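Undergrad: got a predicted model here, sequence first, then my questions.
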Amino acid sequence: MPRKPKKPCAYPGCPRLTDDVYCEEHKKLMVQRYEQRERDP
């Protein structure tokens, strides 16, 4: 079965194609942002 086509990274201004929501570089940034600001301690 063929794979789904890659789509652009969801990070604003990033043209990289990925299978996930964010490319590898921005995935790390989004995880850090989540851990620092948005998580309820």
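TA: Looks like it came in fine. Numbers count the residues shown, from 1 in each chain.
Undergrad: use CA for all of it now, contacts and neighbours both
TA: Fine.
Undergrad: for K7, phi and psi?
TA: When quoted as degrees, to the nearest 10, the phi and psi of K7 stand at phi -120, psi 160.
Undergrad: I'd like the numbering to begin with 13 instead of 1 from here.
TA: Yes, from this point I'll number from 13; that puts the last item at K19.
Undergrad: count residues in the vicinity of it, would you?
TA: Using other CA atoms under 10 Å as the criterion, K19 is surrounded by 15 other residues.
Undergrad: for it, give the beta-bridge partners.
TA: With DSSP bridges applied, K19 shows beta-bridge pairing to T30.
Undergrad: and it, what is it in contact with?
TA: L29, T30, D31 (CA atoms under 8 Å, 6 or more residues apart in numbering).
Undergrad: closest one of those to P20?
TA: The shortest distance between P20 and any of the contacts of K19, using CA to CA, involves L29 and amounts to 4.4 Å.
Undergrad: please report the distance of that closest one from C35.
TA: In this structure, L29 and C35 are 7 Å apart, going by CA to CA, to the nearest Å.
Undergrad: which one's more surrounded, the two?
TA: C35 (19 against 15).
Undergrad: not counting sequence-adjacent ones, nearest residue to that one?
TA: Excluding the flanking residues, the one nearest C35 by CA to CA, 6 or more residues apart in numbering is C21, at 5.5 Å.
Undergrad: quickly find the element holding P27.
TA: Mapping P27 onto the secondary structure by DSSP states H and E places it in no helix or strand at all.
Undergrad: can you count the residues close to it?
TA: P27 has 12 neighbours, counted by other CA under 10 Å.
Undergrad: tell me the pLDDT at it?
TA: Note for P27: predicted pLDDT of 94.
Undergrad: gap between the spatially closest residue to it that is not a sequence neighbour and L29?
TA: Once its chain neighbours are removed from consideration, P27 has its nearest residue in P20; the separation is 5.8 Å (CA to CA, 6+ apart). Look at P20 and L29: by CA to CA, they are 4 Å apart.
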